[in-house]
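*Asks:* Quick one, fold the following:
(chains A, B, C and D)
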2 protein chains.
Amino acid sequence: MGLILVIEDDPRIQRALQRQFVAEGFDVHIEGEGPAGLEACRSMSPSAVVLDLMLPGMSGRDVCKEIKAWSGDTPVIVLSAITEVADKVLLLETGADDYMTKPFSPRELLARVQAAIRRSQKKTPPAPIGFGDVSVDFLKMEIHKGGVPVPLTAHEFKLLRFFLDNSGRAIAREELLSDVWGLSFHLTTRTVDNQILKLRQKLEDDPANPVHFRTVHGTGYKFVQEI
Amino acid sequence: MGLILVIEDDPRIQRALQRQFVAEGFDVHIEGEGPAGLEACRSMSPSAVVLDLMLPGMSGRDVCKEIKAWSGDTPVIVLSAITEVADKVLLLETGADDYMTKPFSPRELLARVQAAIRRSQKKTPPAPIGFGDVSVDFLKMEIHKGGVPVPLTAHEFKLLRFFLDNSGRAIAREELLSDVWGLSFHLTTRTVDNQILKLRQKLEDDPANPVHFRTVHGTGYKFVQEI
DNA sequence: AGAAACTTGTCACTTCTTTGTCATTTCGCC
DNA sequence: GGCGAAATGACAAAGAAGTGACAAGTTTCT
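*Replies:* Residues are numbered from 1 along each chain as shown, chains lettered A, B, ... in the order given. Have a look, this model is predicted:
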């Protein structure tokens, strides 16, 4: 199916990722340091690279740049602590294809990796995603509606992302809660309703008559990309 | 609906979980020790495993690893004292799909178990089905009749799904009630008749002369896919 | 401390579900 | 074939459940 190169120094995360990817049929090669990871990338030509930004010896940022310089086609998914995202501009410069902030769900990472591989094979590189007159750039964390930038909060981003990844599917509130809000939830269904409301207000042409963020009565919500 | 394997040594929690799951229509099997639970998991192939991390004899962590090694598809939800999950990475390490800290609400545990099962089954691709000029997409919760979208309510979907799964068989009203509506006893046969009526009105070419949703006098109804 | 974001509760409103009733149909029997 | 009992179809109204919107309380971040 493909080889995943993991460059990560924490043994616990190493093992978690290995198990997850192997379970999905990928081959996995693990390196704990930047230079070694770089070398492995050159010699093995993996289908994708999962790269921790915090590495001993060499900045993950530089590793990423090197990888991209050497073979720009290889998708790179970056892992970083949530505080490090402040310099997301720097992250952009490295040319990474996607990023995840810790703590992350392995399942979600898996989905991103698969999506990245899919894109790289289609050779549809920076496919601008969006719907209606809304354009979405997840790397830059920027949303534009009709050319006008729209500020979204962290949760709104995650929710929007989940909808785009699961376009067209009817999704139960419980599923949104567990997948968007994550493992720690003592949360009510109201929270979901509210974030949906916010997204509608910010992104729908007529928030009162939502076209993209539709209600599925008795179940939850459904995102439709094209009308 | 599915079998839940509970590996937990506290008899009070055992009973609480059993009651909760049975009430939702799950089958439940309970083991009090790690090795026995592992054995049960192998022989019974449950839909999900609820596993206490604090077990006599064998660390719950190891049990989890074993389960995941043996059948990675089976979702495992871990129960633990608050102090044991200070670090979420440890959870990843065990490979568990989700966790709950004690004390927990049975209702919430139920929701997570269901979510975990849903995710584990998501991999199965949705077979596009239909009958006559009606096409059914359960993933999107959309019905088209002659290309025209037909809105169905949540219950109507459930009923339709049951009919499609049991195509061609005469089904008693009582069976429909218990399988589609669940174990609520205070429902009348009128309810079934009414939902059938709605389905006919929405999906039959001539609702007065139903072709697909046929009456079996003295028994109930029968769904015929092809005329 | 101040601001922004997040969560929760509430309530009006919409939509769905269930039930009761009654006309109509079907079946068994004479 | 006709008759009566039982089952079913249809409709409308009561009841229940789900949803949208707002605002206030709480947390988090700066």
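*Asks:* any idea where the helices of chain A begin and end?
*Replies:* With DSSP state H as the criterion, chain A has helices at A:11-23, A:34-44, A:60-70, A:88-94, A:106-122, A:154-165, A:173-176, A:189-203.
*Asks:* so residue A:211 sits right up against residue A:224, yeah?
*Replies:* Yes. Under the criterion of Cβ atoms under 8 Å, residue A:211 makes contact with residue A:224 at 7.3 Å. (C-beta placed from N, C-alpha, C; glycine too.)
*Asks:* still on that earlier bit, nearest to chain B among the helices of chain A would be which one?
*Replies:* helix A:11-23 (3.8 Å; Cβ to the nearest Cβ).
*Asks:* Against which helices or strands is that closest one packed?
*Replies:* strand A:3-7, strand A:27-31, helix A:106-122, helix B:88-94 (3 or more Cβ pairs under 8 Å, 6 or more residues apart in numbering or on different chains; DSSP states H and E).
*Asks:* Those: lowest mean pLDDT?
*Replies:* Among these, helix B:88-94 carries the lowest mean pLDDT, at a mean of 61.
*Asks:* Once you drop chain neighbours, what's closest to residue A:66?
*Replies:* Counting by Cβ to Cβ, 6 or more residues apart in numbering or on different chains, residue A:66 lies nearest to residue A:38, which is 5.4 Å off, once chain neighbours are set aside.
*Asks:* got the residues of chain A near DNA strand D?
*Replies:* By the rule Cβ under 7 Å from any atom of the strand, the part of chain A lying against DNA strand D is A:86, A:173, A:189-190, A:193-194, A:196-197, A:200, A:207-208, A:215-220.
*Asks:* Report the buried members of those residues.
*Replies:* A:173, A:196, A:200, A:216, A:219-220 (16 or more other Cβ atoms under 10 Å in any protein chain shown).
*Asks:* near chain B, from these?
*Replies:* Residues of those in contact with chain B (Cβ under 8 Å from any Cβ of the partner chain): A:216, A:219.
*Asks:* Verify the contact between residue A:156 and residue A:197 for me.
*Replies:* No. At 10.6 Å, residue A:156 does not count as touching residue A:197 under the criterion of Cβ under 8 Å.
*Asks:* got a list of contacts for stretch A:218-227?
*Replies:* A:131-132, A:163-164, A:166-176, A:192, A:196, A:211-216, B:140-141, B:153-155 (Cβ atoms under 8 Å, 6 or more residues apart in numbering or on different chains).
*Asks:* Let me see the backbone angles for residue A:219.
*Replies:* Main-chain torsions, residue A:219, degrees, to the nearest 10: phi -130, psi -70.
*Asks:* Just the pLDDT for it.
*Replies:* Residue A:219 is given a pLDDT of 92.
*Asks:* and if you look at residue A:164?
*Replies:* 89.
*Asks:* Leaving out sequence neighbours, find the closest residue to it.
*Replies:* Using Cβ to Cβ, 6+ apart, the closest residue to residue A:164 is residue A:129 (6.1 Å).
*Asks:* what's the answer for residue A:113, then?
*Replies:* Nearest non-adjacent residue to residue A:113 (Cβ to Cβ, 6+ apart): residue A:48, at 5.2 Å.
*Asks:* in chain A, which helix or strand is least confident?
*Replies:* helix A:88-94 (a mean of 62; mean pLDDT, DSSP states H and E).
*Asks:* about what we covered before: which of the helices and strands packed on helix A:11-23 sits most buried?
*Replies:* strand A:3-7 (a mean of 24; mean count of other Cβ atoms under 10 Å in any protein chain shown).
*Asks:* Run through the residues that contact the closest residue to DNA strand D within chain A.
*Replies:* Residue nearest to DNA strand D within chain A (Cβ to the nearest atom of the strand): residue A:215, separated by 3.7 Å. Going by Cβ under 8 Å, 6+ apart, residue A:215 touches A:221-222.
*Asks:* From residue B:141, how far out is it?
*Replies:* Distance of residue A:215 to residue B:141, computed by Cβ to Cβ, to the nearest Å: 11 Å.
*Asks:* coming back round to it: check the gap between the residue of chain A closest to DNA strand D and DNA strand C for me.
*Replies:* 8 Å (Cβ to the nearest atom of the strand, to the nearest Å).
*Asks:* and that residue, what are its bridge partners?
*Replies:* residue A:221 (DSSP bridges).
*Asks:* Would you mind giving me the confidence score for it?
*Replies:* With respect to pLDDT, residue A:215 has a value of 94.
*Asks:* and the residue nearest to residue A:113, what pLDDT?
*Replies:* The pLDDT attached to residue A:48 in the predicted structure is 93.
*Asks:* Just list the residues touching it, thanks.
*Replies:* A:2, A:4-5, A:74-77, A:113, A:116-117, A:120.
*Asks:* Can you name the two of the buried ones among the residues of chain A next to DNA strand D that sit furthest apart?
*Replies:* A:200 and A:219 (17.4 Å; Cβ to Cβ).
*Asks:* where does chain A have low pLDDT?
*Replies:* A:1, A:56-58, A:81-93, A:102-103, A:122-128, A:183-185, A:227 (pLDDT under 70).
*Asks:* tell me which parts of it are close to chain B?
*Replies:* Residues of chain A lying near chain B by Cβ under 8 Å from any Cβ: A:10, A:12-13, A:15-16, A:19-20, A:23, A:103, A:106-107, A:168-170, A:174-175, A:178, A:183, A:186, A:216-219, A:222.
*Asks:* List buried residues within those.
*Replies:* Of the residues of chain A next to chain B, these count as buried by 16+ other Cβ under 10 Å: A:13, A:15-16, A:19-20, A:23, A:103, A:106, A:169-170, A:174-175, A:178, A:183, A:216, A:219, A:222.
*Asks:* Quick check: bridge partners of residue A:148?
*Replies:* Using DSSP bridges, the bridge partners assigned to residue A:148 are residue A:145.
*Asks:* Neighbours of it, how many?
*Replies:* 8 (other Cβ atoms under 10 Å in any protein chain shown).
*Asks:* What of residue A:75?
*Replies:* 24.
*Asks:* mind listing what the nearest residue to it once chain neighbours are set aside touches?
*Replies:* The shortest distance from residue A:75 to any non-neighbouring residue, by Cβ to Cβ, 6+ apart, is to residue A:116 (3.7 Å). Residue A:116 makes contacts with A:48, A:75, A:77, A:97-98, as judged by Cβ under 8 Å, 6+ apart.
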